[in-house]
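Student: coords below, sequence missing:
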């Protein structure tokens, strides 16, 4: 399937790359924190910084997912992901370590699972019309 002749295909393909990036960033977060507890994470320096940066990148990639895809997948908390990115980027002096640890422990694993499901839907997701529920 090379999809030639479809003007919207490059955009469809492009958002999939951002989802792939998000999966990678989430995986890094979990890898960087797998052997840590909350207090060792908060004091870990490089692990903390790398985790924080990858959570920011998850949110940055989410900003590039087209609105029609976001609407088609409301199970993913797109607005929360982007809002978290904005808070982390702009509120670096006021980051609550407990909230950040909670994101690492709860939100990132759930998001990773949801993104992998989105990826596995492959062509089916791309071909479904958005906003229509003809049941």
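Tutor: Structure's in. What do you need? These numbers come from a predicted model, not from an experiment.
Student: switch to C-alpha atoms for all contacts and neighbour counts from now on
Tutor: Noted.
Student: so where is this structure shaky, pLDDT-wise?
Tutor: Within the chain, the segments meeting pLDDT under 70 span 1-13, 92-93, 122-135.
Student: pull the longest helix from this structure.
Tutor: Counting residues, the longest helix found in the chain (DSSP state H) is helix 9-33.
Student: Tell me which residues of it come out buried.
Tutor: 12, 15-16, 18-19, 21-23, 25-26, 28-30, 32-33 (16 or more other C-alpha atoms under 10 Å).
Student: That helix packs against which elements?
Tutor: The contact analysis (3 or more C-alpha pairs under 8 Å, 6 or more residues apart in numbering; DSSP states H and E) places helix 9-33 against helix 46-62, helix 108-120.
Student: okay, the angle between the longest one and helix 108-120?
Tutor: Orientation of helix 46-62 against helix 108-120 (axes from the mean of the first three to the mean of the last three C-alpha atoms, to 10 degrees) gives an angle of 40 degrees.
Student: buried ones in helix 46-62?
Tutor: 47-48, 51-62.
Student: quick revisit: could you point out which element follows the longest helix of the chain?
Tutor: As assigned by DSSP states H and E, the chain's next helix or strand after helix 9-33 is helix 38-42.
Student: Quick one: distance of that following helix to the chain centre.
Tutor: In terms of C-alpha atoms, centre = their mean, to the nearest Å, the centre of helix 38-42 is found 23 Å from the chain centre.
Student: what do you get for stretch 66-73?
Tutor: 13 Å.
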